[in-house]
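Colleague: Got a sequence here, can you build the structure:
(2 chains)
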Amino acid sequence: MADQTPVIELRHVDKHYGDLHVLQDINLTVHKGEVLVLIGPSGSGKSTLCRTINRLETIDSGEILIEGEPLPQEGKALAQMRAEIGMVFQSFNLFAHKTILQNVTLGPIEVLGIPKAEAASRAMELLRRVGVDAQAAKVPAQLSGGQQQRVAIARSLAMQPKAMLFDEPTSALDPEMINEVLEVMVELAREGMTMVVVTHEMNFARRVSNRVVFMADGQIVEENTPDEFFDHPKTARARDFLDSIKGH
Amino acid sequence: MDFAQILEEYGQNYATAIMQTLSMTALCFCLAMVISILITVMRVSPIKPLRLVGDLYVQIFRNIPGVALLVLVAYALPNIQIVLPWKTCVEVTVVLLASAFGSENFMTGINAIGVGQIEAARSIGLTFTQTMRKIVIPQALRSAVLPMTNLLIATMLTTALGSQVPLNPQELTGLVSYITTRSTGAGIVPFIISAVCYAGMSVLLGVLGNRIDKKVRVLR
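Modeller: Numbers count the residues shown, from 1 in each chain, chains lettered A, B, ... in the order given. Below is the predicted model of the structure:
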């Protein structure tokens, strides 16, 4: 369960895309072992927020802390920090020219300096955990979307991250493959991984998360426990949003 | 004079000219590849002045006719006390031209990779250099095999610029003028022989390029 050690802190974070104020005075703390779900209509800034945490997006003002340390600006220090925060993308983004096994071993070998043989055996262990060890010698294009996303999760886990970010991990998947990815994420949550998940999977949010953060127009509009949020949304924006997705 | 006579009289010259064309092609293409990788890395680097220099290089050398560039290198540079051997002049010209086009081929390959894989590489902690070395360049190289085969052929054909300066031995095109000034009855025949040599070598390179492409192509 979540304890009170902050892993990720955002303080007064602002960001503009031209005239669009995409993040407005965002304050958010994610504690160790917490599963935080970010939801909201498209264009609300939730993906941008997720991506600022490992500086794939820069911010205009405010600060972001990882385990109390401010996010480095550029260079080696930033690379080092990124290695400690896992990221899973909507479109998998596996390395197309490398085998599944090589996708998972690349980071440990190049960044952590782990010997090849050891990296490979640990990678196989992770691939087994996400159920794609039989595909280790194939290249990404030979796998289904669901399999690719599970490999992407294994690739992140191989770096032994302090926290993991999921940016709409199931949005690009065929419906029958969504569950196989969600199950892996549920398992991770059970094992105590600190997770920030941008998703439209309301069942996942309700069942697995400790806290739901609802965003709209670049602001955090509401945050609450999943049961409270889904059963008794406090704001009109959240009620409208929940009504609009009820049909699904 | 017919084919047999010309081949009998100048067969040895043709063999030497083919070797000259091929050796210039090999040297120029290898140098062009190295330079186009460097230029391409500059063009995608996070440092703006480097990007500008890289883009400028490509815009300049992609947009100057080969003959004009050769005239500059061979006949204008001596005005600022840079006097290169004739063969080097031709090779410098060909490398400048080919590397500009080569960089464009690599850029196309890089654009095909997409920003997603690059973000993924950064997100597992690879530095810019590591991302280039491990993710971007290997894929750009593989997807550039076919366009680079075309560039290799173009490089070979561009070594015909060697006919515009006194080379010894001559390459395939220079040899044609050598023969026609010596044997006035030769007519179009020496040219046809050279053309057949060029075409034959181009076809061979094309087939080779296709084979390599099939082996290394990245599945998407």
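Colleague: Which residues are in contact with residue 155?
Modeller: I went with chain A, as the question did not name one. A:Leu94, A:Asn103, A:Val104, A:Leu106, A:Gly107, B:Ala120, B:Ile124 (CB atoms under 8 Å, 6 or more residues apart in numbering or on different chains). Quick note: C-beta positions are derived from backbone N, CA and C, even for glycine.
Colleague: My question was about chain B, not that one.
Modeller: Per CB under 8 Å, 6+ apart, neighbours of B:Thr155: B:Thr25, B:Cys28, B:Phe29, B:Ala32, B:Val94, B:Ala98.
Colleague: swap in A:Glu57?
Modeller: A:Lys15, A:Thr48, A:Arg51.
Colleague: Helix or strand: which one has the last one?
Modeller: A:Arg51 belongs to helix A:46-52 when assigned by DSSP states H and E.
Colleague: mind checking how far that helix is from the chain centre?
Modeller: 9 Å (CA atoms, centre = their mean, to the nearest Å).
Colleague: now stretch B:10-30
Modeller: 14 Å.
Colleague: again, but for stretch A:236-247
Modeller: 23 Å.
Colleague: Residues contacting that stretch, please?
Modeller: A:Ile39, A:Gly40, A:Pro41, A:His200, A:Met202, A:Phe214, A:Ala216, A:Val221, A:Glu222, A:Phe229, A:Phe230, A:Pro233.
Colleague: Provide a list of residues in contact with residue 35.
Modeller: I'll assume chain A. A:Ala189, A:Met193, A:Thr194, A:Met195, A:Val197, A:Val208, A:Ser209, A:Asn210, A:Arg211.
Colleague: um, chain B though
Modeller: Contacts of B:Ile35 by CB under 8 Å, 6+ apart are B:Val95, B:Ser99, B:Gly102.
Colleague: What is the nearest of those residues to chain A?
Modeller: B:Gly102 (19.8 Å; CB to the nearest CB).
Colleague: Now do the same for the spatially closest residue to that closest one that is not a sequence neighbour: its pLDDT.
Modeller: Nearest residue to B:Gly102, sequence neighbours excluded (CB to CB, 6 or more residues apart in numbering or on different chains): B:Ser36, at 3.1 Å. Per-residue confidence (pLDDT) for B:Ser36: 95.
Colleague: Please tell me how far the strand or helix carrying B:Ser36 is from the chain's geometric centre.
Modeller: Per DSSP H and E: B:Ser36 is located in helix B:3-44. A distance of 8 Å separates the centroid of the chain from that of helix B:3-44, by CA atoms, centre = their mean.
Colleague: Now the element after it, going C-ward?
Modeller: Heading C-terminal from helix B:3-44 (DSSP H and E), you reach helix B:48-62.
Colleague: C-alpha coordinates for that next one, PDB please?
Modeller: This file holds the C-alpha atoms of helix B:48-62, laid out as PDB (Å, rounded to 0.1, in the frame of the first residue of the first chain):
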ATOM      1  CA  LYS B  48      21.300  24.900 -33.600                       C
ATOM      2  CA  PRO B  49      24.500  26.200 -35.200                       C
ATOM      3  CA  LEU B  50      25.500  22.700 -36.100                       C
ATOM      4  CA  ARG B  51      22.100  22.100 -37.600                       C
ATOM      5  CA  LEU B  52      22.500  25.200 -39.700                       C
ATOM      6  CA  VAL B  53      25.900  24.300 -40.900                       C
ATOM      7  CA  GLY B  54      24.700  20.900 -41.900                       C
ATOM      8  CA  ASP B  55      21.700  22.200 -43.800                       C
ATOM      9  CA  LEU B  56      23.800  24.800 -45.500                       C
ATOM     10  CA  TYR B  57      26.300  22.200 -46.600                       C
ATOM     11  CA  VAL B  58      23.600  20.100 -48.200                       C
ATOM     12  CA  GLN B  59      21.900  23.100 -49.800                       C
ATOM     13  CA  ILE B  60      25.100  24.300 -51.400                       C
ATOM     14  CA  PHE B  61      26.500  21.000 -52.700                       C
ATOM     15  CA  ARG B  62      23.200  19.500 -53.800                       C
END
